[in-house]
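Student: Mind looking at a prediction? Sequence and model below.
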Amino acid sequence: QKEVEQNSGPLSVPEGAIASLNCTYSDRGSQSFFWYRQYSGKSPELIMFIYSNGDKEDGRFTAQLNKASQYVSLLIRDSQPSDSATYLCAVRATGNQFYFGTGTSLTVIP
Amino acid sequence: DGGITQSPKYLFRKEGQNVTLSCEQNLNHDAMYWYRQDPGQGLRLIYYSQIVNDFQKGDIAEGYSVSREKKESFPLTVTSAQKNPTAFYLCASTGWNQPQHFGDGTRLSIL
């Protein structure tokens, strides 16, 4: 069983729409959850992190965490073509190891 | 400016050769990590180190070696035993209860 699973996509949304990215994890002891954006040929860039149940907003990005359901999501409002990238979900597990999903490819269509 | 520096950006390996990828950080982070990423794939953990002079194998350590003699440095050697080394290699670090941050990566190819 994979530690972190993401819907691989690809996901396409029109410019200005809301993009919704989802992630589930298997380790109930996980405490910290992260979303990274990775452009083609580049390294991952941290865009959001969340530690507590509920929502966390930062500009156009909202991370949602539901520990009971072991579910993390990322919403991107007013999607822009520059948001087109692969989004990686990551979980910090016990022992300070990080587990990454395989990523969801997002394309925002102008 | 604090950050993680990986070098070189591109590296070519000849048959039977060992090559070393450099990773240096000035973020005063205790933990450092090496990942491998193949095209269209997620990140796979090669080795990680929580403190100086200590490191643990990740999921795909075979054919790789590391050292952690200084807090700032965590070099990765890709040995000749690694038969399929072509990939994008990423170094990361983290402090206590902090997110993981990445260097710009090294792209390794076989000549």
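Tutor: On my side now, so go ahead.
Student: for chain B, which spans come out with low pLDDT?
Tutor: Applying pLDDT under 70 to chain B flags residues B:1.
Student: For chain B, what's the nearest residue on chain A?
Tutor: A:Thr102 (3.8 Å; CB to the nearest CB). All C-beta atoms are positioned from the backbone trio N, CA, C, and that covers glycine.
Student: Could I get the contacting residues of that residue?
Tutor: A:6, A:8, B:41-42 (CB atoms under 8 Å, 6 or more residues apart in numbering or on different chains).
Student: Looking at those, state which has the most neighbours.
Tutor: Highest neighbour count within these: A:Gln6, with 23 neighbours (other CB atoms under 10 Å in any protein chain shown).
Student: just to revisit the earlier point, which pair of the contacts of A:Thr102 spans the longest distance?
Tutor: Greatest spatial distance in the contacts of A:Thr102: A:Gln6 and B:Gln41, 12.4 Å, computed using CB to CB.
Student: What residues does chain A have near chain B?
Tutor: By CB under 8 Å from any CB of the partner chain, the residues of chain A that approach chain B are A:32, A:34, A:42-46, A:49, A:88, A:90, A:92, A:96-98, A:100-103.
Student: For PyMOL, write the selection for the buried entries among the residues you listed.
Tutor: Entered in PyMOL, the line below selects the buried ones among those, by 16 or more other CB atoms under 10 Å in any protein chain shown:
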select buried, chain A and resi 32+34+43+44+46+49+88+90+92+96+97+98+100+101+102+103
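Student: secondary structure element for the most centrally placed residue in chain B?
Tutor: For chain B, the residue sitting closest to the mean C-alpha position, by CA atoms, centre = their mean, is B:Trp34 at 3.3 Å. Using DSSP states H and E, the element containing B:Trp34 is strand B:31-37.
Student: gap between the closest residue to chain A within chain B and B:Arg36?
Tutor: At 3.8 Å from chain A, B:Gly42 is the closest residue in chain B, using CB to the nearest CB. From B:Gly42 over to B:Arg36 the distance is 10 Å, taken as CB to CB, to the nearest Å.
Student: Then B:Ser67?
Tutor: For B:Ser67, the distance to B:Arg36 - CB to CB - is 18 Å.
Student: Looking at these two, which is more packed in?
Tutor: Between B:Ser67 and B:Arg36, counted using other CB under 10 Å, the more crowded position is B:Arg36 (22 against 15).
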